[in-house]
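J.: Predicted model and sequence below, questions to follow.
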Amino acid sequence: MSAAHSISGLNLAQQEAVNYMHGPCLVLAGAGSGKTRVITHKIARLIQTGMPAERIAAITFTNKAASEMRERAKSLIGRAAGEVLICTFHALGVRLMRQDGAVLGLKPQFSILDADDVLGILKECGATTDAATARQWQWTISLWKNMGLNAEAALAQAKDENERHIAVLMTRYEERLTAYQSVDFDDLIGLPLKLLRDFPEVREKWQKQLGHVLVDEYQDTNATQYEVLKYLVGERGRFTAVGDDDQSIYGWRGATLDNLKKLPLDFPKLKVVKLEQNYRSTSAILRAANNVIGPNPKLFPKTLFSELGEGEPVRVVDADHEEHEAERAVARILGLRANSQHKEWRDFAILYRANHMAKPFEKALRRAQVPYKVSGGQSFFDRAEIKDLCAWFRLWVNNDDDPAFLRAITSPKRGIGHQTLQTLGEFASRYKLSLFAALFSHSLPSVLNARAVGSLHEFGRFLNDQEYRARHTHGAEEARAFLTDWLKDIAYEQHLHEGEDNDKAAAARWTNVLEFCDWMAGRCGGQIDDAAGVSTSNATKSLLEVAQTISLLSTLSEREKDQDVLTLSTLHASKGLEWPHVMLVGVNEGLLPFKLDEAPAREDGDGAESPAAESARASTQQRLEEERRLMYVGITRARTTLAVSWTRRRKKGREMVPGKPSRFIEEMALDKTTTKEDPREKLRALRAEFAQKAQAAAASAAKL
């Protein structure tokens, strides 16, 4: 690979970011400025200059982003892309713990619990059946973990009795995880940090193993992830962080802009490269985006520009109420589709602040017979009842699947309490066995009483019997009959009714169960499942053979990306995506920005603002800045046209209340005469700046 090939098609700023490899580098990549291209080209450049591909790590935040980066790297560098570690922060954490978690007392086959598993454990720890309360505990514990706090530290800094109670629960919760040889999602960052921080030999191993680390969407890192990065790169600081402070919209889940502020302090030799040329949007759209984000304080000021032309003006649409707003949005989309080169529904998106705002738009789209999807909605295969059944199927296929074991033995409950499971977990850990293998150990009666052992053996025998029957069940009719009997045997319908507050909700979940079992039976009959993209041929299969393909189920909901449908999406879920035509709706005060507490500040006796009021004011200001960044993200999703709508009235309960346009509409400054920056002048200035830098670098090299 030649140097010319590795940087072909890159602008001057992108080339500078790609060619700087010998120290810490921060690439401030504005929306649509080609950040993924910079990362993949930098991987190619590192390999070209002699770094083995296996010593390069590129860290992303989603599996989808990692998959896209892997494909783009493959098209650039071929098979070498398969040797580069391209993964999410959490997948990297799993890798660290699988290899070195023994020093923390973890076996390599530790279990990773999902959110439902965690919720169940917290309910048991707190002796409650109230899911809302348990979720609040779960959310608080997750935030603490993302801040790097364990139960002891959380208790020490608890602000009130509620936080002290949750910190005590967190202690019990952590004890359960240890006993079950399990971790939760947040532990996939927190425990690797503990490994790297507290065990020098592990830290040195990984610092030697990774020659250069690239981090995508750096502005979304939380405090713990930043510490992990610091320990991975060490003092040499060979990393490239790519991000945009103007797109930091995940403060509610722990992401902090402090990580951008810390970089120049922790790495004084940090090189900062700004990518300001946008390849996505027209100048009219970018001008609105630049104006909106302008009032926010800047860590590293930048202004996006485009060579794609002025384009259509950004439109502001007012509506009488939500239904009227939805009708106007659909009418606009139908008109654009009729008069535009973009004839496919996938070219259109309606974006809003919160999920509950989608309903009137769904109704209007159905009336107009417009196909659509709701992005970010729950996949059918993510529903708790489907995951319960899949846990049993996974156990039939692999008895050593501990997370599946824990879910199956407790869903439905079988009279086996958490104390019995804790003892079983400790026993399995001591003898390095899976939970299922430990269940049949001759030594188990030494730690559990006869009744508990009997209950465990009964579950084990039942599972073995079901596995045998599934192996010898062929064809759709046999499978349907077997699954019907099995659901009766485990009393799953009764379990659903006991777990729900009303029969209607339980019945809806039971319908999902029947639909899923019918789908499984159909595959046993050799039916072709177009949705899954999997042909099972005409030959019948055993239920166990179908269960072996269970890992494919999670991909079914992703097939929607190939459909020609309009997208309805929250602003948070839209980040990283783009469409030719975007409608940004519900842009009202109280919605975007979301409700802000702007009550008058209390004063102390001397007239000064009280510390509590000052803190509240600062918190409100931070929230406003994040809401402004959210508006900026929404604007920059649009490529060709953008319309922003608000309503003069909105429903609040059963009443209609007055609405007013968001302050962000005025901040876009659409009706003001402004000097339009000529992108050619911007490019000339950048070329002159880079030429000056090149001359300075050449002069410095000549002196050496």
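T.: Looks like it arrived, so ask away.
J.: Please name the residues that touch the spatially closest residue to residue 495 that is not a sequence neighbour.
T.: Excluding its sequence neighbours, the residue lying closest to residue 495 (Cβ to Cβ, 6 or more residues apart in numbering) is residue 412, at 3.5 Å. Backbone N, C-alpha and C define where each C-beta goes, glycine included. Neighbouring residues of residue 412 by Cβ atoms under 8 Å, 6 or more residues apart in numbering: 490, 491, 492, 494, 495.
J.: Local confidence estimate at the spatially closest residue to the third one that is not a sequence neighbour?
T.: Spatial nearest neighbour of residue 492, excluding adjacent residues (Cβ to Cβ, 6+ apart): residue 412 at 6.2 Å. Residue 412 carries a pLDDT value of 85.
J.: quick revisit: emit the PyMOL select command for whichever of the contacts of residue 412 are buried.
T.: Selection command for PyMOL covering only the buried members of the contacts of residue 412, criterion 16 or more other Cβ atoms under 10 Å:
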select buried, resi 490+492+495
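J.: In a markdown table, list the contacts of residue 412 along with secondary structure and distance to residue 313.
T.: Output for the contacts of residue 412, formatted as a markdown table (DSSP: H, G, I helix; E, B strand; the rest coil; distance: Cβ to Cβ, whole Å):
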| residue | secondary structure | distance to residue 313 |
| --- | --- | --- |
| 490 | coil | 61 |
| 491 | coil | 63 |
| 492 | helix | 57 |
| 494 | helix | 61 |
| 495 | helix | 57 |
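J.: farthest pair in the contacts of residue 412?
T.: Among the contacts of residue 412, the pair separated by the greatest distance (Cβ to Cβ) is 490 and 494, at 9.3 Å.
J.: which residues of the stretch 351-500 of the chain fall in helices?
T.: Per DSSP state H, counting those that start in this stretch, the stretch 351-500 of the chain carries helices over the ranges 359-367, 384-397, 402-410, 418-430, 435-439, 450-471, 476-489, 492-499.
J.: Give me the phi and psi for residue 627.
T.: Main-chain torsions, residue 627, degrees, to the nearest 10: phi -60, psi -40.
J.: List the residues that contact the residue lying closest to it once chain neighbours are set aside.
T.: Sequence neighbours aside, residue 593 is the residue nearest to residue 627 in space, at 3.5 Å (criterion: Cβ to Cβ, 6+ apart). The contact partners of residue 593, by Cβ under 8 Å, 6+ apart, come to 623, 624, 627, 628, 631, 662, 663, 664.
J.: same thing with residue 415?
T.: Residues counted as contacts of residue 415 (Cβ under 8 Å, 6+ apart) are residue 455.
J.: For it, give its distance to residue 172.
T.: Separation of residue 415 from residue 172 (Cβ to Cβ, to the nearest Å): 22 Å.
J.: Repeat that for residue 211.
T.: 42 Å.
J.: Then residue 450?
T.: Computed as Cβ to Cβ, the residue 450 to residue 172 distance reads 27 Å.
J.: ok, the two, which is more surrounded?
T.: Higher neighbour count among residue 450 and residue 172: residue 172, with 15 against 8, using other Cβ atoms under 10 Å.
J.: Can you tell me the closest non-neighbouring residue to the more buried one?
T.: In space, and not counting its chain neighbours, residue 172 is closest to residue 125: 4.3 Å by Cβ to Cβ, 6+ apart.
J.: Now that the one you found has come up, it's in contact with residue 169, right?
T.: Yes - using Cβ atoms under 8 Å, residue 125 is in contact with residue 169, at 5.3 Å.
J.: worst-scoring helix or strand of this structure, pLDDT-wise?
T.: helix 3-6 (a mean of 44; mean pLDDT, DSSP states H and E).
J.: Could you point out the helix or strand that follows it?
T.: Sequence-wise, the next helix or strand downstream of helix 3-6 (DSSP states H and E) is helix 12-19.
J.: Let me know the average pLDDT across that following helix.
T.: Per-residue pLDDT over helix 12-19 has a mean of 92.
J.: Report all helices and strands that that helix contacts.
T.: In terms of contacts (3 or more Cβ pairs under 8 Å, 6 or more residues apart in numbering; DSSP states H and E), helix 12-19 is packed against helix 35-48, strand 271-275, helix 679-703.
J.: So which bits of the shortest one are buried?
T.: Translated: strand 271-275. Going by neighbour count (16+ other Cβ under 10 Å), the buried part of strand 271-275 is 273, 274, 275.
J.: Spell out which strands sit alongside the very next helix or strand once past that strand in the sheet and which way each one runs.
T.: Later in the chain than strand 271-275, the nearest helix or strand by DSSP H and E is strand 277-278. According to DSSP bridges, strand 277-278 forms sheet pairs with strand 305-306 (parallel).
J.: Residue 641: helix or strand, and which one exactly?
T.: Here residue 641 is assigned to strand 638-647, by DSSP H and E.
J.: Please work out the average pLDDT along the helix or strand just after that strand.
T.: The first helix or strand that comes after strand 638-647 along the chain, using DSSP H and E, is strand 649-652. Strand 649-652 carries an average pLDDT of 84.
J.: elements contacting strand 649-652?
T.: Packing partners of strand 649-652 (3+ Cβ pairs under 8 Å, 6+ apart): strand 655-658.
J.: got a list of contacts for the strand it packs on?
T.: 321, 648, 649, 650, 651.
J.: Compile those residues into TSV and extend it with columns for distance to residue 10 and neighbour count.
T.: Below are the contacts of strand 655-658 laid out as TSV (distance: Cβ to Cβ, whole Å; neighbours: other Cβ atoms under 10 Å):
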residue	distance to residue 10	neighbour count
321	49	15
648	48	16
649	50	16
650	47	20
651	50	14
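J.: Let's have these in TSV, adding distance to residue 62.
T.: Formatted as TSV, the contacts of strand 655-658 follow (distance: Cβ to Cβ, whole Å):
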residue	distance to residue 62
321	36
648	38
649	38
650	33
651	34
